[in-house]
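# Just to be clear, the model below is a prediction. Sequence and coordinates:
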Amino acid sequence: MASDSQRCGPRVKPVRESCVPVEDVDVIGETLLRARPVVLRGYASGWKARKWDLEQVAAGSPEAHVELQVSRVGQTQFHGFGGTLQREPLPRLPEAAAEAIQENRSLYLVQCPLWARSGECPARHLMKDVVLGPFEGGVLSRRLESVNLWMSLGETHSNLHYDSKHGLLVLLRGRKLVELFPPAAARTVGAYPVHDPLRSHHSRAPHCCLAARFEKSFCKAHADSTLRAARGFQADLQEGDALMIPEGWWHHVKTLGRANSEQANQTQPQLALAVNVWWRGYPREPKAARPYVLRRLLGEMLARRTASHFLRQKLRKPRKAPKVSKSGTSCLKSSRPQSTGNVSILEELSTAAQSEPPHREWLLALRTFGPVLPHCLAVAAASEDVQQQEAVHQLF
């Protein structure tokens, strides 16, 4: 078998496509409930939203404001968090777009709510053109969180990240190239550590490496990138297509816009429009999601412990918690009666995550090690010991 350096390109498979007619709302809903990546071709083929333009988007309340990310002068490609953030009235959107075109900039409207269970919705006037379909009744309607608009001028490329909700990305105008990685690929995609709350949802992977994967090649500027070993799933979305992105799945999106058919000057940046629907996950997550679930639980526990520390509140000592030595290594030894040998807590959790239904080992491990898990993770992440570092890598 060829090594990563010997292969001529990354290991990539196409995202599975659904053969269910988009008119069959009940079956589409069951497909989404499986929480697996799937492409729905022609999902929005009959939506009125496919006729949206800048003027229609801007025809909302004069008091509504949106946040725009604008690239530097002369840069028509927008990557990740680059550029500046501007807060503008929604009716001024066409004017802001014209200024960006004149200055040869790229403009990105990120996550503008059309509908949300809570909070403001600047683009609520557009919701009438969106067909909720499987989200209008049943389980999905009760778990629906928000419907958002995404708009870009010029080429944009998101950073590699994951979302904490299930999402359905519906492309209305332009083209989107999407690559997804399962939650267990956190190590190979270069995820930030879980104890870094501001960046734990994101990856260190350079944009040049991500872009090269769409070309079925490796980035020469970062030959040592762990991303070479990652196995991804790619989808090429055309107008009207939709993609199910499960909660916790790593993904990055490259967006290419489309000009108006009557526009003669094709050198100007082109417009891309998309809508995404977010809904909450489920108590019984699929087996593939367990690394993400554990990563999220650890992050929340660490956040609570850190907040208590900064607020100078005394933490209640967990019952029967193992004593921690100055070196910090004793917390990695399991205190469960059924454990054998010097098996670490992190290794036992990793093993339990692979258990089959009814998941008793997984639930018992979380219940047993919950009180000491934040400290164990912090010690292992900060340690220079190879064994402890490997335990963290196996877990995430």
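Received, thanks. Numbers count the residues shown, from 1 in each chain.

# What's the separation between W279 and L153?
Noted for W279: a distance of 29 Å to L153, by CB to CB, to the nearest Å. Yep, even glycine has a C-beta here, placed from its N, CA and C like the rest.

# Between those two, tell me which one has more neighbours.
Neighbours were counted for W279 and for L153 using other CB atoms under 10 Å; L153 has more, 27 against 22.

# Give me the distance between that one and S71.
From L153 to S71 the distance is 10 Å (CB to CB).

# could I get stretch 120-138 in CSV with only the CA atoms?
The C-alpha trace of stretch 120-138 is given here as CSV (Å, rounded to 0.1, in the frame of the first residue of the first chain):
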residue,chain,number,x,y,z
GLU,A,120,-33.3,39.0,15.8
CYS,A,121,-34.1,38.1,12.2
PRO,A,122,-32.9,40.9,9.9
ALA,A,123,-34.0,39.1,6.7
ARG,A,124,-37.4,37.8,8.0
HIS,A,125,-39.1,39.2,4.8
LEU,A,126,-37.4,36.5,2.7
MET,A,127,-38.8,33.5,4.7
LYS,A,128,-42.0,33.4,2.6
ASP,A,129,-39.9,32.1,-0.4
VAL,A,130,-38.3,29.2,1.6
VAL,A,131,-40.0,25.8,1.6
LEU,A,132,-39.4,24.1,4.9
GLY,A,133,-40.8,20.7,3.7
PRO,A,134,-39.7,18.0,6.2
PHE,A,135,-39.3,20.7,8.9
GLU,A,136,-42.9,21.7,8.9
GLY,A,137,-44.1,18.8,11.0
GLY,A,138,-42.9,15.9,13.1
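
# looking only at pLDDT, what's the mean for that stretch?
Averaged over stretch 120-138, pLDDT sits at 92.

# neighbouring contacts of that stretch?
Among residues not part of stretch 120-138, those counted as contacts by CB atoms under 8 Å, 6 or more residues apart in numbering are 22, 25-26, 28-29, 32, 44, 46-49, 51-52, 56-57, 59-61, 64-66, 90, 112-115, 140-141, 144, 147, 149, 275, 277, 279.

# Same check on stretch 31-44?
Identification of contacts with stretch 31-44 by CB under 8 Å, 6+ apart yields 15-18, 20, 22, 28, 50, 131, 134, 139-140, 166, 168, 170-172, 180, 233, 235, 237, 240-247, 249, 275, 281-282, 285-286, 289.

# Restricted to buried residues, select those in ChimeraX.
Of those, the buried ones go into a single ChimeraX selection, burial set by 16 or more other CB atoms under 10 Å:
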select :15,18,22,28,50,131,134,140,166,168,170,171,172,180,233,235,237,240,241,242,243,244,245,246,247,249,275,281,285,289
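
# Do a quick rundown of the strands in the protein.
Counting by DSSP state E, the chain has strands at residues 11-14, 38-40, 65-70, 77-79, 84-89, 107-116, 144-153, 155-157, 166-173, 175-181, 231-237, 242-245, 250-256, 271-279.

# Least confident of these, on average?
The weakest mean pLDDT among those belongs to strand 77-79, with a mean of 67.

# what's the overlap in contacts for L153 and S71?
With CB under 8 Å, 6+ apart, L153 and S71 have common neighbours 106-107.

# The residue lying closest to Q56 once chain neighbours are set aside and K51: what is the separation?
Once flanking residues are discounted, Q56 sits nearest to L126: 7.3 Å by CB to CB, 6 or more residues apart in numbering. Here L126 is placed at a distance of 11 Å from K51 (CB to CB).

# Could you do G119 as well?
For G119, the distance to K51 - CB to CB - is 27 Å.

# So which of these two has more stuff around it?
K51 (10 against 7).

# pLDDT weak spots in the stretch 251-396 of the chain?
Counting by pLDDT under 70, the stretch 251-396 of the chain shows low-confidence ranges at 260-269, 282-290, 302-344, 349-350, 352-363, 365-367, 369-375, 377-384, 388-396.

# Helices of the chain, residue ranges please.
25-33, 54-57, 93-102, 138-143, 207-214, 290-310, 345-352, 360-369, 373-382, 386-395 (DSSP state H).

# And the chain, what are its domain boundaries?
11-279, 287-395 (automatic domain parsing).
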